[in-house]
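Colleague: Quick check, what structure comes out for this input:
(3 chains)
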Amino acid sequence: MPQDPAALPDGVPDGFPDGACARGGRATGDPAVVERRRQLALARETVRRSRPRPVSPPAAVDPIARVAVDVPHSHLDRPFDYLVPEPLAATAVAGARVRVRFSGQLVDGIVLERAAVSEHTGVLARLVKVVSAEPVLTPDLARLARAVADRWAGTLADVLRLAIPPRHAGAEAEPAAPPAPDPPAPAPGAWTAYDGGPAYLAALTAGAAARAVTTALPGSNWPAMLATAVAATLAGGRGALVVVPDGRDLARVDAALGAALSGAHGTADGRQGPRHHLTLSADLGPGERYRRWLAVRRGTVRAVAGTRAAMFAPVADLGLVVIWDDGDDLHAEPRAPYPHVREVLCLRAHQLGAGALLAGTAMTAEGAALLATGWARPLAAPRAAIRAAAPRVVVAGDDAELERDPAAASARLPSLAWRTAREALLHGPVLVQVPRRGYLPGLSCQQCRHPARCLHCGGPLTVAAARGPATCSWCGRTPQDWRCSACAATTWRAQVVGARRTAEELGRAFPSVPIRTSGRAGPGDGPVPAHGPTGVLATVPATPALVVATPGAEPVAPGGYAAALLLDGWALLARPDLRAAEEALRRWLGAAALVRSATRGGVVVVLADPALVPVQALVRWDPAGHAARELAERAQLALPPATRVASITGSPTGVREILDVLDGVPTAAVLGPVPDRVPDSRPDPRPHPTNGTSSQADEPSVRAVVRVDRAHGPALARALQAAQGLRDARKATDGVRIRVDPPDLG
DNA sequence: TTAACTGGAAAA
DNA sequence: TTTCCAGTTAAC
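Modeller: Down below sits the predicted model:
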């Protein structure tokens, strides 16, 4: 290795930065050593100043690199021009990762483009080095990331951090496999049951921008249907991208894609042979994640299925984007700028003229809005087909008699539910959906029903196990001498019964039937069940058993469940959430779709008020109608998706500063600010992306909501970006979090 | 990190 | 008015 950095041409990493010698040694207090180091540093400095580095000339062609610099400040969210030294001319390609000096700091950046001239009037700095010539930022991805940043009032750097996985040099060095040949057009399969289904597939193959919202038939093999749509797109020579909420859905789609794309090619690990598809998910290691992502970027693999982060996967010639179950809150990215998978995929389809498919057992108001505006067409099965496929749904209302059988009574089962389960257990497994996990996840005052809160930190009290103590789910303490914060009573009662307690009670009610539980284990949930690290079962045998599951964790039973009991519908619908109805119906449909059709004896018992709209929609199996109604209601209330809103959270002064800049935005209505409501969850320990001290400690957080007509959404986002930029430029220390169309708008 | 810029005070 | 300097701002 050369010893004199000054002898190296620009941009060649010498691995021997200034100060490396001094840093190499152990810290010592010896004054002689300190003095010697000081002199060395001084000498080096003198040399640097008196004998300037020989600088290589700029690149002969396109000597300017327009660089997206990875800095967090929103007022610096624009390209900066750098001079490309000749030795880097060939590697500093558009899309390459580089290092540049930015206001003295060495920072990461990505070359957006090369150019012949710069608009910048001052003197240009030079690229320090090219990290890798691999073009990780394709033009399409750059355009998408910019649009996403603008849509959610964020910065390009934030979006790029979500969109491009960390580099892994080993994966980059491996040779690219040849792309698989396009598969033949698939048979329509289950799509024939949907009006316009085969035509939709044909349009995908033909290269049209075929956009649809579809509700899957109950009991349908939806992964196979999605795979068929992907195959149809590939047959037309274009790529496809499927995003699902979680790893369990991903495994099903992965298997279906393998089958649909004649999985004879390649192996499961994605390393050898031409492959048609691969999966991307957060739980791959960094190396594997980057390896697969590169295979997608390089066009080696044309079909991708993945969880949330895959929404940005740089699929070449994208011809179809698919989202399954867009109402699942896992599709909402929790990191700034908080984009939503559905919206990002629609944006991509729109930018590229690609097809789009929103599919689910349920339908969101947003899905209904895409239909209402004509952006997408409905793909629905005829009523008769739905009736033939759906289970019978019966409602055990408020007045439902509790079963008199003592065992069932202790499980608080209405007579109807008890009899249904007992009967169905003769024919197969019975699914029991319980909205809350844990044992007794919600305690309240015996006297006034006020939620029981920790005396120490105000967190909610729960009981984790049978005969266990009440503990705080935030700080873990077991309060001594608890008394109600509202009425000072000293005893509590169980307000909500969790999945584990329900399983325990059902075990007593049906002593001869095996009980299986499926649900994500959480803190305070006690020992994790033996099956799998998360406690979620993918499947259960077709044999009689009671399967207790939390929403979203329902295992699939081959041949379908004989019955399902949907417990605690009241709790689901009583939540003070604007989406409570939509969410309740989504969860019920998700469970009910796993039950055998009525013709095969399948029954669903839902414990809820039969007069409620979502309950009726479940009985009629009419998700599209419910979504349309929900959309109309949101329009009436001037809420998204009929309007666009932004929530602004932070210190009172910070929020005020943002609001003050919004004057110019047409139709903007400001609601609040009001004290930030403390949700029934642990407060975010680091709520604002600020470094250094913040005034959060003294100032309580407030929240304001700004609402505009949909047409003025871009103007609102622009104004919010500008306002954020102004604060950033002033180095405001108190962070303000801006979220556009937040999912939890209460 | 640091060069350029700003504005205010001292010098003329 | 000019010059100097310290604090501020932008950042290629």
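Colleague: Quick one: neighbours of the residue of chain A found nearest DNA strand C, just the number.
Modeller: Closest residue of chain A to DNA strand C, CB to the nearest atom of the strand: A:Ser103 (2.2 Å). All C-beta atoms are positioned from the backbone trio N, CA, C, and that covers glycine. Counted with other CB atoms under 10 Å, residues neighbouring A:Ser103 total 9.
Colleague: What spatial separation is found between it and A:Phe80?
Modeller: Distance of A:Ser103 to A:Phe80, computed by CB to CB, to the nearest Å: 10 Å.
Colleague: again with A:Ala417
Modeller: Distance check for A:Ala417 against A:Phe80: by CB to CB, it reads 65 Å.
Colleague: Who has more neighbours out of the two?
Modeller: Comparing A:Ala417 with A:Phe80 by other CB under 10 Å, the one with more neighbours is A:Ala417, at 26 against 19.
Colleague: Could you confirm that one falls within a strand?
Modeller: No. Membership of A:Ala417 in a strand is not supported by DSSP: H, G, I helix; E, B strand; the rest coil, which gives helix.
Colleague: Can you tell me how far it is from A:Val395?
Modeller: From A:Ala417 to A:Val395 the distance is 11 Å (CB to CB).
Colleague: Mutual contacts of these two, please.
Modeller: Common neighbours of A:Ala417 and A:Val395 (criterion: CB atoms under 8 Å, 6 or more residues apart in numbering): A:Val605, A:Leu607.
Colleague: Determine the number of other residues adjacent to the residue lying closest to A:Thr364 once chain neighbours are set aside.
Modeller: Excluding the flanking residues, the one nearest A:Thr364 by CB to CB, 6 or more residues apart in numbering is A:Gly327, at 4.5 Å. Look at A:Gly327: counted by other CB under 10 Å, it has 26 neighbours.
Colleague: How about A:Ala147?
Modeller: Neighbours of A:Ala147 under the rule other CB under 10 Å: 17.
Colleague: Next: A:Ala365.
Modeller: 25.
Colleague: Assess the claim that it and A:Ala635 are in contact.
Modeller: No. Applying CB atoms under 8 Å as the test, A:Ala365 and A:Ala635 come out as separate, 9.3 Å apart.
Colleague: Provide a list of residues in contact with A:Ser74.
Modeller: Going by CB under 8 Å, 6+ apart, A:Ser74 touches A:Gly154, A:Thr155, A:Gln721, A:Gln724, A:Gly725, A:Asp728.
Colleague: At which residues are the strands of the stretch 451-600 of chain A located?
Modeller: In the stretch 451-600 of chain A, the segments counted as strands under DSSP state E, counting those that start in this stretch are A:461-463, A:470-472, A:492-496, A:515-518, A:546-549, A:563-566.
Colleague: From the contact counts, what lies against the fifth one?
Modeller: This means strand A:546-549. Strand A:546-549 is packed against strand A:430-433, helix A:499-509, strand A:515-518, with contacts defined by 3 or more CB pairs under 8 Å, 6 or more residues apart in numbering; DSSP states H and E.
Colleague: Check which helices and strands the last one sits against.
Modeller: In terms of contacts (3+ CB pairs under 8 Å, 6+ apart), strand A:515-518 is packed against helix A:499-509, strand A:546-549.
Colleague: Each with direction, which strands does the biggest strand by length in chain A pair with?
Modeller: In chain A, taking DSSP state E as the definition, the longest strand is strand A:105-115. Using DSSP bridges, the strands paired with strand A:105-115 are strand A:64-69 (antiparallel), strand A:97-102 (antiparallel).
Colleague: buried ones in the last one?
Modeller: Under the neighbour-count criterion of 16 or more other CB atoms under 10 Å, strand A:97-102 has A:Arg97, A:Val98, A:Arg99, A:Val100, A:Phe102 buried.
Colleague: Pairing partners for the second one in the sheet, please.
Modeller: Right, A:Val98. In this structure, A:Val98 bridges to A:Gly109, A:Val130 when assessed by DSSP bridges.
Colleague: now the helices: where do they sit in the stretch 351-500 of chain A?
Modeller: For the stretch 351-500 of chain A, the helices defined by DSSP state H, counting those that start in this stretch occupy A:365-372, A:383-389, A:406-410, A:415-424, A:499-509.
Colleague: What lies in contact with the second one?
Modeller: Just to be clear, that refers to helix A:383-389. So helix A:383-389 is in contact with A:Ala193, A:Leu217, A:Pro218, A:Gly219, A:Ser220, A:Ala381, A:Ser597, A:Ala598, A:Thr599, A:Trp621, going by CB under 8 Å, 6+ apart.
Colleague: Would you verify that A:Ser647 is located in a helix?
Modeller: No. With three-state DSSP as the criterion, A:Ser647 is strand rather than part of a helix.
Colleague: residues touching it, list them.
Modeller: A:Ser647 makes contact with A:Arg703, A:Ala704, A:Val705, A:Ile738, A:Arg739, A:Pro742, A:Leu745, according to CB under 8 Å, 6+ apart.
Colleague: Same list (these) but as a markdown table, adding neighbour count.
Modeller: As requested, these are exported to a markdown table (neighbours: other CB atoms under 10 Å):
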| residue | neighbour count |
| --- | --- |
| A:Arg703 | 20 |
| A:Ala704 | 22 |
| A:Val705 | 20 |
| A:Ile738 | 25 |
| A:Arg739 | 23 |
| A:Pro742 | 19 |
| A:Leu745 | 15 |
